[in-house]
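A.B. asks: pasting the structure only:
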Ligand code: PHB
């Protein structure tokens, strides 16, 4: 097999890149190690920045998002038993976010790609990326029990933080910046209408909690738990009692419990690999960087990476110039580090670190008070949450 751009990984980054390249007439093939059903069920966050929603629309993948997604004009912050709303359009000059689950976006991109191309191979397991310092890099993979090779002009690793693409980079050619957090999230899906119109981020002495949603009838909630927590230690009733305690406010608001249909513990970490390119291999999305989920930046960063990369491939295909490809890493890293900072800030301001002393707790509360009493501080959060313009950096 032979193509122009070999894409390893059929998550949102790989699928969207394929769509953007296809529309520019650039040949590509996507190799995804899992089957279609798995890819379409993988639970991830669901907040699309305005720029992300615009990109999906512009490439013809936004119809169902526009019908079924929900535009959100703000979030609620809860702390000290009080609730405060941040009004995004008022704070940012009109920016909003769209609630549309990553799984739904992936389903839309898979359906489009299977209809219109380019080739998308499920259960095609990449084993290694080779020859990245030559002008014919290749991906060795297995598919249908056979060993195969995909040769290309460029390879893009969109295969997540445990993928193989990154292993092709010689030791010493890339630097890792990493941080683990001393807590995890227990995430649930519940068949109950959300108890709120907009997302609630809660700081409480018992730990962080987040109320999100998937639809008018399905709620998605998270609570901070110690690392290494076994979901089996959290029967449904315990989860609802703990969530209600963390969201408690003095307004008569009630959290509506309901049947829990999924439960999982998610570790939290921050990671950036630099540079995002080595020879003819580019990294995009989770293969290049990880953020903790507080602030929902992961998917949006993956989208901005591949938008920059598709533009660079387009320029190269049209002119033969590699200028934009050569600038890919630097261009993306500015935005990546902004999102890393924001995700770290949201995480460390809202969670209770097990080693935290009362002084640090007072500082967190002071910071939250500042955000909810100063227009400048609120606008800083709102701008980051709704996303800086795609062209910035
Ligand atoms: C989600 O809906 O899963 C979600 C929303 C916002 C976050 C994280 C996760 O910050």
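C.D. replies: Yes, it's here. As the structure is a computational prediction, the values presented were derived from the model and not from experiment.
A.B. asks: drop to CA atoms for contacts and neighbour counts, all remaining ones
C.D. replies: Noted.
A.B. asks: those helices in the protein, which residues are they?
C.D. replies: Secondary structure of the chain by DSSP state H: the helices cover 12-23, 36-41, 50-58, 63-68, 88-92, 102-116, 236-247, 298-319, 323-350, 358-373, 375-386.
A.B. asks: want to throw these into a markdown table with mean neighbour count, mean pLDDT and distance to residue 181?
C.D. replies: Shown next, in a markdown table, are these (neighbours: other CA atoms under 10 Å; pLDDT from 0 to 100; distance: least, CA to CA, whole Å):
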| stretch | mean neighbour count | mean pLDDT | distance to residue 181 |
| --- | --- | --- | --- |
| helix 12-23 | 25 | 98 | 25 |
| helix 36-41 | 14 | 93 | 26 |
| helix 50-58 | 18 | 96 | 27 |
| helix 63-68 | 14 | 98 | 33 |
| helix 88-92 | 18 | 98 | 28 |
| helix 102-116 | 18 | 97 | 24 |
| helix 236-247 | 17 | 98 | 20 |
| helix 298-319 | 21 | 98 | 16 |
| helix 323-350 | 19 | 97 | 9 |
| helix 358-373 | 15 | 98 | 16 |
| helix 375-386 | 20 | 97 | 21 |
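A.B. asks: how about the residues of the chain by the ligand?
C.D. replies: By CA under 6 Å from any ligand atom, the residues of the chain that approach the ligand are 44, 45, 46, 47, 212, 213, 293, 294, 295, 296.
A.B. asks: which of these count as buried?
C.D. replies: Those of the residues of the chain next to the ligand that meet the buried threshold are 45, 46, 47, 212, 213, 293, 294, 295, 296, by 16 or more other CA atoms under 10 Å.
A.B. asks: related to what we said a few turns ago, which one of the helices of the chain lies closest to residue 133?
C.D. replies: Smallest distance to residue 133 across these (CA to CA): 14.3 Å, for helix 323-350.
A.B. asks: that closest one - contacts with which helices or strands?
C.D. replies: Contact analysis of helix 323-350 by 3 or more CA pairs under 8 Å, 6 or more residues apart in numbering; DSSP states H and E lists strand 260-274, helix 298-319, helix 358-373 as its packing neighbours.
A.B. asks: what lines up beside the first one in the sheet?
C.D. replies: Looking back up the chat, that one is strand 260-274. Taking DSSP bridges as the criterion, strand 260-274 pairs within the sheet with strand 175-190 (antiparallel), strand 289-290 (antiparallel).
A.B. asks: for residue 86, state which of the buried ones among the residues of the chain next to the ligand is nearest.
C.D. replies: For residue 86, the closest of those turns out to be residue 295, at 13.7 Å, with distances computed as CA to CA.
A.B. asks: chain neighbours aside, what residue packs nearest to the closest one?
C.D. replies: Excluding the flanking residues, the one nearest residue 295 by CA to CA, 6 or more residues apart in numbering is residue 343, at 5.8 Å.
A.B. asks: spit out the contact partners of that neighbour.
C.D. replies: The contact partners of residue 343, by CA atoms under 8 Å, 6 or more residues apart in numbering, come to 291, 292, 293, 294, 295, 296, 297.
A.B. asks: let me see the backbone angles for the first one.
C.D. replies: Residue 291 adopts backbone torsions of phi -120, psi 150, taken as degrees, to the nearest 10.
A.B. asks: okay, and the beta partners of the residue nearest to it when sequence neighbours are not counted?
C.D. replies: Closest residue to residue 291 apart from its sequence neighbours, by CA to CA, 6+ apart: residue 270 at 4.7 Å. For residue 270, the beta-bridge partners are residue 179 (DSSP bridges).
A.B. asks: residues touching residue 270, list them.
C.D. replies: Residue 270 is in contact with 177, 178, 179, 180, 289, 290, 291, 292, 340, 344, counting by CA under 8 Å, 6+ apart.
A.B. asks: among the residues you listed, name the buried ones.
C.D. replies: With neighbours counted using 16+ other CA under 10 Å, the contacts of residue 270 contain these buried positions: 289, 290, 291, 292, 340, 344.
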